[in-house]
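[1] just coords:
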């Protein structure tokens with residue numbers, strides 16, 4: 001069980017490193033600090049941040065809203 005938890009943490013840290021949210025020492029980067037402000041999956045928050053630099057944030061916001069709406073489980 002402990003090995004699974006460690007693997008999950010390492011995989012999560014690797015994903016954050018690939019996205020540029022962590023540096024090589026595991027420290028949060030300036031991009032990572034911006035990403036933590038959004039209550040989104042890390043990949044979605046980076047997409048939103050980068051979209052402002054690429055001047056397509058309106059399109060990305062629509063994309064993310066649709067994605068989030070489709071991922072919500074219906075409450076019965």
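    Cool, the structure landed. Please read all numbers here as calculations on a predicted model, not as lab measurements.

[2] got phi/psi on the residue sitting nearest the centre point of the chain?
    Closest residue to the average C-alpha location of the chain: residue 42 at 0.7 Å, with C-alpha atoms, centre = their mean. With angles defined as degrees, to the nearest 10, residue 42 sits at phi -50, psi -40.

[3] ok, it touching residue 31?
    No. In this structure, residue 42 is not within contact of residue 31 by C-beta atoms under 8 Å, at 10.3 Å. C-betas here are computed from N, CA, C, even on glycine.

[4] what do the two both touch?
    Residues touching both residue 42 and residue 31 (C-beta atoms under 8 Å, 6 or more residues apart in numbering): 19, 21.

[5] quickly note the distance from the residue nearest to the centre of the chain to residue 55.
    22 Å (C-beta to C-beta, to the nearest Å).

[6] residue 15 too?
    Distance from residue 15 to residue 55, by C-beta to C-beta: 27 Å.

[7] who's more crowded, those two?
    In this view residue 15 and residue 55 are compared by other C-beta atoms under 10 Å, and residue 15 has more residues nearby, 14 against 8.

[8] and the more buried one, what does it touch?
    Applying C-beta under 8 Å, 6+ apart, we find residue 15 in contact with 42, 43.

[9] do that again at 10 Å, thanks
    Residues in contact with residue 15 (C-beta atoms under 10 Å, 6 or more residues apart in numbering) are 21, 22, 41, 42, 43.

[10] isn't residue 52 right next to residue 46, touching?
    No. Under the criterion of C-beta atoms under 10 Å, residue 52 is not in contact with residue 46, lying 11.2 Å apart.

[11] joint contacts of those two?
    Counting by C-beta under 10 Å, 6+ apart, nothing touches both residue 52 and residue 46.

[12] more neighbours: which of those two?
    Neighbours per residue, other C-beta under 10 Å: of residue 52 and residue 46, the larger number sits with residue 46, 21 against 10.

[13] for the residue nearest to the centre of the chain, what are its contacts?
    Counting by C-beta under 10 Å, 6+ apart, the residues that residue 42 touches are 12, 15, 16, 18, 19, 20, 21, 32, 35, 36.

[14] for residue 25, give its distance to residue 44.
    In terms of C-beta to C-beta, residue 25 sits 25 Å off from residue 44.
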